[in-house]
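> Next input, structure requested:
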Amino acid sequence: MKKLVVAVLALLALAAAACFVFFAKWTAPGRPAPSDGDADSDRPAGSIAAASPANAAERRAAGKSRRVTVKTADGSLIEVELEDDDMAPEDAKRMEAIADALEKDSFAAVSALVADVQTSTNAEVRSELVDALGTFGAKALVDLLPFMADPDADVAESARSEWTMALGEVANESAKCRYIEEAMKILTDEDTLEEMVTELTDCDERLAIQTIVNVIASGTPQAIASAKEQYEFITGEEYTNMADAETWLQENYTPEAPQPDAIEP
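Predicted structure coming up:
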């Protein structure tokens, strides 16, 4: 009888020890104890929970990258890589919209994104739109303007580069002078301003001097300085005022042949 009691007590001790080990395993630091509400508590060890399906937009909004091949305005193909790992959902949507607009080869669609993308605090998003605008050449000259003064130096430099290349596509001198004037009213980078104002050298003198006078009247301090230097280069005289500029034109200007398709202000 005593032997039976001892055997039973031994079995009870083993069972208690097994329960202790199991409980300690599941309540060890860093590992929460299972609860009745734990959906994975009944899953066999080593199994993987089934992931709910997500559509492409959800995956991209969740931070997945996407590479797309798009056709530019001149017919060439380029690849656009979207890396949105750390992007806010609204910026991921902006990147998606830019890619979609490029896939459609639609300048109107890209242009329509300018106002919204300007409000983004993510420089990568703004840079992506600058690159997209650049594929449309001279069509994008006006839309590139605000990004030329972007607070991010890289975005601003990219926009200025795209703008300068696009300006080279403009043959009409009146239009070119107007684009230069608008750009010089917002820019402060001295090197870029010097490049722009130098473009006036090949334009009709009246158009060039009118542009210079307009910039002096309403440009940034850096633009005003560049414009005055260019005025002196063209006329050989220091700039004083608009009346003196008009007097110089009356005494020295020789009209060029009219240009077709002039763009009125």
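
> which other helices and strands contact whatever helix or strand residue 90 lives in?
Following DSSP states H and E, one finds residue 90 within helix 89-103. On a contact count with 3 or more C-beta pairs under 8 Å, 6 or more residues apart in numbering; DSSP states H and E, helix 89-103 meets helix 56-61, strand 66-71, strand 77-82, helix 107-111, helix 114-118, helix 123-134. Where C-beta positions appear, they are placed from N, C-alpha and C, glycine not excepted.

> hmm, 7 Å instead?
With contacts taken as 3 or more C-beta pairs under 7 Å, 6 or more residues apart in numbering; DSSP states H and E, helix 89-103 sits against helix 56-61, strand 66-71, strand 77-82, helix 107-111, helix 123-134.

> for the record, mean pLDDT for the first one?
Averaged across helix 56-61, the pLDDT comes to 51.

> And the pLDDT for residue 201?
For residue 201, pLDDT reads 89.

> From residue 95, how far off is it?
Distance, residue 201 to residue 95, by C-beta to C-beta, to the nearest Å: 40 Å.

> okay, these two: which has more neighbours?
residue 95 (23 against 11; other C-beta atoms under 10 Å).

> quick one: contacts for the residue lying closest to residue 214 once chain neighbours are set aside?
What sits nearest to residue 214 in space, not counting adjacent residues and going by C-beta to C-beta, 6 or more residues apart in numbering, is residue 181, at 5.3 Å. Going by C-beta atoms under 7 Å, 6 or more residues apart in numbering, residue 181 touches 211, 214, 215.

> go with 10 Å
By C-beta atoms under 10 Å, 6 or more residues apart in numbering, the contact set of residue 181 is 196, 200, 210-215, 218-219, 223, 227, 265.

> Which pLDDT value goes with it?
Reading off the confidence values, residue 181 has pLDDT 95.
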